[in-house]
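Undergrad: quick check, what structure comes out for this input:
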Amino acid sequence: MAELSRRKILISGRALGTLGALGVAFPARAMPWTWAPSGSVAGAGAGVDPRWVWDEEADPLVASLLDRGAVPEVNRLLWGWNRNDQPLPEGLPADLRDFMERARQLPSWADRGKLELAAQFNKSRGFYLNLLNGVGGGMLSTAIPKEAIAVYYSKGGADMEDRVAKTSLLGFAVGDLNAYRPDGTCIVQAVKTRLVHAAVRHLLPQSPYWGQVSGEEIPISQEDMLVTWHTLPTYAMRKMREWNVPIKTAESEAYLHVWQVTAHMLGIRDEYIPATWAAANAQSDQILPRNMGPTPEGVKLTDILLDQLAEQTSLGTRASRSLCNALARHLVGDQVAGWDDIPREPVWDAAIKTAWPLLVKFREGLIPLPLVPEVAWVIDEALRKYILFYLTKGQETKIEIPAVNRPNPS
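TA: Numbering: from 1, shown residues only. Take a look at the predicted model:
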């Protein structure tokens, strides 16, 4: 109960009521936290409901940086910090340096062999993972009220192309072949993202706009991060299984492991990180239903994201957007698509529903052939580079700590 005495309890004034997630309807606040910490990578824990837990180490530190006006200089210094093995830049405040040196260390339970196998899995399954984590995960995130509202009213909501590009830096880093190798970037992106989350927790409560609609006092709880986590690896693995993508047990365990490590690096407590896919699915089934539903902010963000996706195709604006609408609906289902106000596209909806299983079978028939995984990886990597180039207009972008909220959101 120590967490409860240090924090004001988040009390939602907005009833999510009977809104469910992915076809399941439960009262959002009527579901107690029952997921057992024995199913976590820690194997034990206090069992405190993660809705009332934040980041007790990063939050006061970043709040202090913001209050003393140090964030602009910190961002300048961290701009050149890019590789996992790169020393922290000179000149950082001592308290921040000490924190980052601790935060950049992999957990003791990290398995290098599994991380390497996960990289190979990402190489052979990059097509599905980029689609599911990018388009699918994006559409799910806008149907999570607390996440959609936090994004919309924070600084990133004012420029969604930049916001998506910076979010993609972490997602792409997890999927890189060298993600947690010395020359990779996943540690850097995760630690920077952890600092961003702490800044948003300090800044958003000062926003009159966020406060009017959120019903919260502190955003981005441990549960909120877990909810987002489940819209990425848990959702992706479930969809690939649904599509009958052949996946070996060792590959699925390795893919889970790279995301377990990433969750730890983002500041999620080990007692909340699922140890197995069975534990992950059980946790997802408990917390997604009480955290999903429609919001005006989510609808606006969905429209922006689908417009961005449509602009990256070459079919013409209307045809591209129709295709993207149908693809998004196919990935997340009718309920989430309805919450996101994604229009039905009778022609494209039917075409994708018919063609997708055939595409998966065709693709999987080729994967075992020599050089096909390498060629597929080159294509997927080129697509990732193109998406980032498009979103950033060819300008270099980095994850930076925000110092303000979104001004005058409309």
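Undergrad: make it CA atoms for all contacts and neighbour counts henceforth
TA: Fine.
Undergrad: which SSE is immediately downstream of the worst-scoring helix or strand of the chain on mean pLDDT?
TA: Sorting the helices and strands of the chain by mean pLDDT, DSSP states H and E puts helix 2-6 at the bottom, at a mean of 36. Following helix 2-6 in sequence order, the next helix or strand is helix 58-67 (DSSP states H and E).
Undergrad: three-state assignment of His202?
TA: Counting by DSSP: H, G, I helix; E, B strand; the rest coil, the backbone at His202 sits in helix.
Undergrad: so where's the stretch 1-150 of the chain uncertain?
TA: Along the stretch 1-150 of the chain, the model assigns pLDDT under 70 to residues 1-30.
Undergrad: not including adjacent chain positions, what is the nearest residue to Ala63?
TA: Computed as C-alpha to C-alpha, 6 or more residues apart in numbering, the closest residue to Ala63 that is not its neighbour in sequence is His202, at 5.9 Å.
Undergrad: what about the one you found, neighbour count?
TA: Using other C-alpha atoms under 10 Å, His202 is surrounded by 21 other residues.
Undergrad: for the biggest helix by length in the chain, output the C-alpha coordinates as CSV.
TA: Longest helix in the chain by number of residues (criterion: DSSP state H): helix 317-339. Extracted C-alpha coordinates of helix 317-339, given in CSV (Å, rounded to 0.1, in the frame of the first residue of the first chain):
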residue,chain,number,x,y,z
THR,A,317,-5.7,9.5,-52.5
ARG,A,318,-9.2,8.1,-52.4
ALA,A,319,-8.2,4.6,-53.5
SER,A,320,-5.3,4.5,-51.1
ARG,A,321,-7.4,5.6,-48.1
SER,A,322,-10.1,3.0,-48.9
LEU,A,323,-7.5,0.3,-49.1
CYS,A,324,-6.0,1.4,-45.8
ASN,A,325,-9.4,1.6,-44.1
ALA,A,326,-10.1,-2.0,-45.2
LEU,A,327,-6.7,-3.2,-44.2
ALA,A,328,-7.0,-1.6,-40.7
ARG,A,329,-10.5,-3.1,-40.2
HIS,A,330,-9.2,-6.6,-41.2
LEU,A,331,-6.3,-6.3,-38.7
VAL,A,332,-8.3,-5.1,-35.7
GLY,A,333,-11.8,-6.3,-36.3
ASP,A,334,-15.2,-4.6,-36.5
GLN,A,335,-15.5,-3.6,-32.9
VAL,A,336,-12.3,-1.7,-32.7
ALA,A,337,-12.8,-0.3,-36.2
GLY,A,338,-16.2,1.0,-35.1
TRP,A,339,-14.6,2.7,-32.0
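Undergrad: that one packs against which elements?
TA: With contacts taken as 3 or more C-alpha pairs under 8 Å, 6 or more residues apart in numbering; DSSP states H and E, helix 317-339 sits against helix 137-142, helix 296-311, helix 346-366.
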